[in-house]
Every structure is written in structure tokens, then in C-alpha cells.
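> no FASTA, just this:
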């Protein structure tokens, strides 16, 4: 695997969460991986300042921090706590030197059936958070989640909805995430990726494959690149055509990958990225 | 429960599949239910002619037959078999006296990642099946399934996609199904229900609620009306506003309901329909 092939590759740490932060940095060094996406819980456990120093000294760039969000609460106290937590997440992103904080917007409050109201509360919360993030050089990246998460995790289910929200704010403060796992089924995704590109809203591009049967709870059912139904190369080409030149982050939640040797999984993931997303399709 | 309250109510037999066809007819008689949606497998087992006689003598109307479809095969022999099977399903619908054959279009063929190609093959197959159905007084009703079924059951994931397909054919030959379980998350659903109404494409309206966590395989995770996140009343009002005056069929696949007494479940389902879909919202 050439270093050139991995120039845009980033490994989201959740893909190889069996590795500690120092182990991840070490594995990246061995394989020529120069970019990582991080999650708040392991960063907080290690200490944000220490984590920032670790990745800096390992020559790694942090491509995103996952995740803020959960902005749909009806209860004022709960809402205030969510806003505080999101400001803390912005601070942590700034400490890590990444300009991208991924937002998972939140599901329906207990007993509510009002999707539209929940989406409006996200917009209200973004109105408070976006300037705070912008002042710290961090962009809030709204991630539409697959519609199967609409009730319990994220009422923003499509790129169109995410852009409808993002476009109420300046493009350097609020963008969107294209994650193939969440949007692969949507025939409107190509047009919405183009729209995101035109508006300068493409904040992050993530890869995972869609495999079935889905496990109970469906959260940990993502597939290794190439194992499923997603035309990953087509999505990479669409984001390219939309002018996106940023990192391509692989984020897979899969207990089967977590049970294996982390370095081996990282090497496999990088190879799969090159074969299924980067290289031109083989001639038949 | 007044008979007037159940004037549009139809019970899909899969909701109470612990009941045999004669038991279902008997339970409907006891509760004042006059409409049923049937499935091919139990009808074939009982015999289509015998089933038709049974429901007719019980004073029941068959509101739909589930299901045809699975029209995405690449292999010519497999495609020919699917077309034959769909013609047989049309014949069975005609025998039962229902004008509605629900179609679940089919997923991606093994190894394929070409959603657009699969959707085009559905259109090709409809071109062969629609006139056959029309001549027999049966309308093919394309059911968009939730995007979580896009790879393995149905590449038609939204009402917009279903209508894009249906509108290539005469409205008396091809329509669409609005099933709340599949479309509740979609902010485009209200506009698409209106579009379906304007074009005379609303062939069936089905209710089920969305509950989490989803079970392994996700097929049998539907919730009893009122137990979940779907604003059922809002959807009933939308279909009303679109000019739909047909049956409202409740179709729930749920092992918890199947484990109980079938008559009791049918009574509960009818009550839930009245409370959550039919009656005006209670004043707070």
C-alpha cells in the first residue's frame, strides 16, 4: 500500500476501538496512516490536552471529533445541559486541532410523536451553538442518520433535511456529514451531495458498508468496506465531483472487527478503502 | 365500540396470524369487523376458491392481498418465474374479489450494488404485469418499504420513488401503498400523499406503529397502534385530505401479539385504531 493511496484516508477510532489512543497512534505510524477521527469518551478518559499532545507528536491530524448533538429535549433544564455539553465538545475539538465536530441531532423525547417540532428545536440550539463554534474555528457538522434511527437517535434522516438546517447558518459554522451507511439507499443523495458542495457545506465524508441481517438494536451492524451493498466508489466520486478534497474517514461499529487484532483490522480497513473507494473500478 | 367506528377498519390477517381463516372470520363476526387483508400463503393453503367462499359467506370484504413483487432478479429464468408468480397472485386476488395486490418490489440481487438498475427492472416488470392485472380488475399497489429493507427486500424506499414508478402506468393498473411503519420518518411523505391523491394512486393505507429497540433482522419489530412514535391520526387525516376513502388496514408483525389470544388481539387492535387513528385528538 503506497502512502499516496492513503493521503486522504482517516481511521475513525471507533472502527478499532480495541486499541488505546497510544496503540492507535503506534498502529497508524506502522501503516502510514496520518489521519484519525476521535470520539469524546476515550479522549476525555485520556485527557484532551494529553490526547492532543499524543496525536501531534505522532504526526497525526485529527479529522473530526464525534460527537455533539442530542439537541431535541423539551425540558428546559435538559436542554441547557445539552447546550453546555455541546460547548464543551467544541472546546475539546479546538484543543485537538480539528475543525469538525460531528453532531448526532437526537431523537424524539419520551412520548413525543412530533418530528417537525424536534427538528425545529435542533435549529434553535444551532442558533446558540454555531457562533460559539465559529469563534473557536470549529464547524458543527450535522450528520443525517439512517431513518431506522429516527425515533431514538436522530430525527435528521436525510441529507436534504441536514442541509435545510445547515443553510440557516454561515457555511463556516455549520456543515453536513455524508456517511455512506446512512444515505446509500436515498436516490436524492447524489443531488444533495452536489447541493452541499455548491454551498460549501461538505464538512466530512465517512465510509461504512451496509450488511444484513441487522443485529438487535441495529447500532452495531455496520459492515467492513466491500462486504455489503454500498457502491463506495460512486460516493467517493460524487463527493469529488462536488469539490470535496478533505479526508475520507472510515467509521465502522462492528463487534466482529473489535474482537480481532487492532493493527490487523486497521491494515485491512486501509486496503479495503483503496480497493473499494479509491481505485478505479476494475475492467470486466 | 360502535360499528360506525369500524366502518373503514380492516384487519390484515398477519396481525393475528395465530387465527386460521375460519377462526379469523368468526372473530371478525363477533367484533363487527367487516374487512380483512389476506396473505397468499394461508390463502393457498386453504385454497383460493374455498377462501373466497369462506369470506363471502362470512360477509367479509377482502381489502388487499399481500403480496406480489420481488421483481429485481438479473437472471432471466428467475425473472420469468417471478413474472409467472405475479400473474398467479393477480389471479388469486381476482378470485378473492379484491382489487388490490400489494407489491414488495424486491432487494438487490446477490453481489449487486446497483439500486438504480434494480428500480428500472421493476419498471420493466410492471410493464408486463400491469395490463394483465388491469384486465382482471386488480391494481398493483407498490409499497415503499422502510430504507432499512433496501438491500434485502425492497429497493423502493420512499413514496416519491413508488410514485415515480407508478406514474409510468395508468392509475387503474398501478398505485401505491401508504404504510405508516415505512414512511413515518419522511418529511416528504405529506407532499407525496397529496401527490398520490391528486393522481388517483392511493391504492391502500396501512397502519403500524414504530417501536424500538428493533429486533434482530428487524422484520418483526412493528408495534401495536399507540405504542410507538408514529402520529397515526395525522397520517389518517393526510390520506383523508388527499381524497382517500378506502379501508384502513392494520398490519403488525409482532411475536408478542401472536403469542396472545387472537380474538383478544383483534379486539385490542380495533380499539387502538379507533383511539389513535380515527377519533379526534383529546383536548389537553
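Thanks, I have the structure now. Keep in mind that what you see is a predicted model, and the values were worked out from it rather than measured.
> any idea how far residue A:255 lies from residue A:220?
Separation of residue A:255 from residue A:220 (Cβ to Cβ, to the nearest Å): 6 Å. Heads up, the C-betas are built off the backbone N, CA and C, glycines and all.
> residues from the stretch 51-200 of chain A in reach of chain B?
Counting by Cβ under 8 Å from any Cβ of the partner chain, the stretch 51-200 of chain A comes close to chain B at A:108, A:112-116, A:119, A:146-148, A:150-152, A:157-158, A:161, A:184-187.
> remind me which helix or strand residue A:79 belongs to.
Using DSSP states H and E, residue A:79 maps to helix A:76-96.
> are we agreed that residue A:176 is in a strand?
Yes. Counting by DSSP: H, G, I helix; E, B strand; the rest coil, residue A:176 is located in a strand.
> pretty sure it contacts residue A:139?
No. In this structure residue A:176 lies outside contact range of residue A:139 using Cβ atoms under 8 Å: 10.0 Å.
> which residues does residue A:257 contact?
Residues in contact with residue A:257, defined by Cβ atoms under 8 Å, 6 or more residues apart in numbering or on different chains, are A:15, A:16, A:224, A:265.
> in what helix or strand does it lie?
helix A:255-258.
> rewinding a little: in the helix holding residue A:79, what counts as buried?
Applying a neighbour-count criterion of 16 or more other Cβ atoms under 10 Å in any protein chain shown, one finds A:79, A:82-83, A:86-87, A:89-96 buried in helix A:76-96.
> so which of those is the closest to residue A:20?
Of all these, residue A:96 has the smallest distance to residue A:20: 16.3 Å, by Cβ to Cβ.
> check the spacing between the closest one and residue B:56 real quick.
With distances taken as Cβ to Cβ, residue A:96 is found 71 Å from residue B:56.
> residues in contact with stretch A:237-244: which ones?
If you take Cβ under 8 Å, 6+ apart as the criterion, stretch A:237-244 is touched by A:178, A:189, A:190, A:193, A:194, A:196, A:197, A:198, A:202, A:205.
> now the residues you listed as TSV including secondary structure?
What follows is the contacts of stretch A:237-244, written out as TSV (three-state DSSP):
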residue	secondary structure
A:178	strand
A:189	helix
A:190	helix
A:193	helix
A:194	helix
A:196	helix
A:197	helix
A:198	helix
A:202	strand
A:205	strand
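> now the buried members of these.
A:178, A:189, A:190, A:193, A:196, A:197, A:202, A:205.
> of all those, which comes closest to residue B:101?
For the buried ones among the contacts of stretch A:237-244, the closest approach to residue B:101 (Cβ to Cβ) belongs to residue A:189, at 30.7 Å.
> quick check, the closest one in contact with residue A:182.
No. Applying Cβ under 8 Å, one finds residue A:189 not in contact with residue A:182, separated by 9.5 Å.
> okay, and the common contacts of those two?
Counting by Cβ under 8 Å, 6+ apart, no residue touches both residue A:189 and residue A:182.
> one step back: tabulate the buried residues of helix A:76-96 (TSV), appending distance to residue B:103.
Shown next, in TSV, are the buried residues of helix A:76-96 (distance: Cβ to Cβ, whole Å):
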residue	distance to residue B:103
A:79	44
A:82	43
A:83	47
A:86	45
A:87	50
A:89	46
A:90	48
A:91	53
A:92	50
A:93	47
A:94	52
A:95	54
A:96	50
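> now do the buried residues in stretch A:10-23.
For stretch A:10-23, burial by neighbour count (16+ other Cβ under 10 Å) applies to A:10, A:11, A:12, A:13, A:14, A:15, A:16, A:17, A:19, A:21.
> what pLDDT is listed against residue A:280?
Residue A:280 is assigned a predicted lDDT (pLDDT) of 82.
> same deal with residue A:284?
50.
> quick one: low-confidence ranges for the stretch 1-150 of chain A?
Within the stretch 1-150 of chain A, the segments meeting pLDDT under 70 span A:1-3.
> which residues of it fall in strands?
Assigned by DSSP state E, counting those that start in this stretch, the stretch 1-150 of chain A shows strands spanning A:9-12, A:35-39, A:61-69, A:100-104, A:139-142.
> and the last one, what does it pack against?
To tie it back to what came earlier, the one meant is strand A:139-142. strand A:100-104, helix A:115-135, helix A:159-166, strand A:174-179, strand A:202-207 (3 or more Cβ pairs under 8 Å, 6 or more residues apart in numbering or on different chains; DSSP states H and E).
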